[in-house]
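Student: Fold the following, please.
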Amino acid sequence: MNSATKILRPSKLKTIAFLIVSLALTVGGFFMIEEKGFMGWITFICFGLASIVFLLQFIPNSTYLKLTHDGFEVRSLFRSHFTPWDQILQFKAGYLGPNKGVVYDYSFKHQKQATGKKISKLLAGNEGGLPETYGMSAKDLAALMNEWKAKSKPAKTNS
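Tutor: Model prediction:
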């Protein structure tokens, strides 16, 4: 393992499965247009857009989780968000809606999105979460994230 950086990517098998389902529903929506009208168009457009999103995930560096000494970067559809390790209390496996994932609460050092954090805490029980498990179990990914967070802490010196 390179101790400077680790990059995790979404499961290609899972992405392919979602793409196939989205494409099938897009085709179904197309054939519904004549009979169902508006609902056919809605189905066709929504699942067509979902298909495009799943296709975009196959473009290199469009989606990943990067772990560094300083923090972690979540990149989704070419948009990145970096969070320093000291702004997170702890990572744990939890639920994001019906799906198991990695969740966390922010430390007092994180001053952004105060309202969003309160709403998320009220609705989901946690202030934040990773959008995906990157081919790992939620428990294993949370352990890996906590390991990187622990390694980032500066060593205490006795002076």
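
Student: Just the buried positions in stretch 69-83, please.
Tutor: Across stretch 69-83, burial judged by 16 or more other C-beta atoms under 10 Å covers 71-76, 83. Glycine gets a C-beta too; all of them are placed from N, C-alpha and C.

Student: ok, which stretches of this structure are strands?
Tutor: Ranges of strands in the chain, per DSSP state E, are 5-8, 64-68, 71-76, 79-84, 88-96, 99-106, 128-129.

Student: Please name whichever of those strands is nearest to Gly135.
Tutor: strand 5-8 (7.1 Å; C-beta to C-beta).

Student: what's the average pLDDT for the closest one?
Tutor: Here strand 5-8 scores 94 as its mean pLDDT.

Student: What helices and strands are in contact with it?
Tutor: strand 64-68 (3 or more C-beta pairs under 8 Å, 6 or more residues apart in numbering; DSSP states H and E).

Student: coming back round to it: distance to Ile20 added to the strands of the chain, as CSV?
Tutor: Shown next, in CSV, are the strands of the chain (distance: least, C-beta to C-beta, whole Å):
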stretch, distance to Ile20
strand 5-8, 23
strand 64-68, 22
strand 71-76, 21
strand 79-84, 25
strand 88-96, 23
strand 99-106, 19
strand 128-129, 26
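
Student: Mind listing what's buried along the longest helix belonging to the chain?
Tutor: Taking DSSP state H as the criterion, the chain has its longest helix at helix 12-36. Within helix 12-36, the residues that qualify as buried by neighbour count (16+ other C-beta under 10 Å) are 15, 18-19, 22-23, 25-26, 29, 32.

Student: Need phi/psi at Phe78.
Tutor: phi 70, psi 10 (degrees, to the nearest 10).

Student: Find the nearest non-adjacent residue to it, please.
Tutor: What sits nearest to Phe78 in space, not counting adjacent residues and going by C-beta to C-beta, 6 or more residues apart in numbering, is Ser62, at 5.4 Å.

Student: what sits against the one you found?
Tutor: 56, 75-78 (C-beta atoms under 8 Å, 6 or more residues apart in numbering).

Student: And the furthest pair within those?
Tutor: Largest pairwise distance in those, by C-beta to C-beta, is 11.8 Å, between Leu56 and Arg75.
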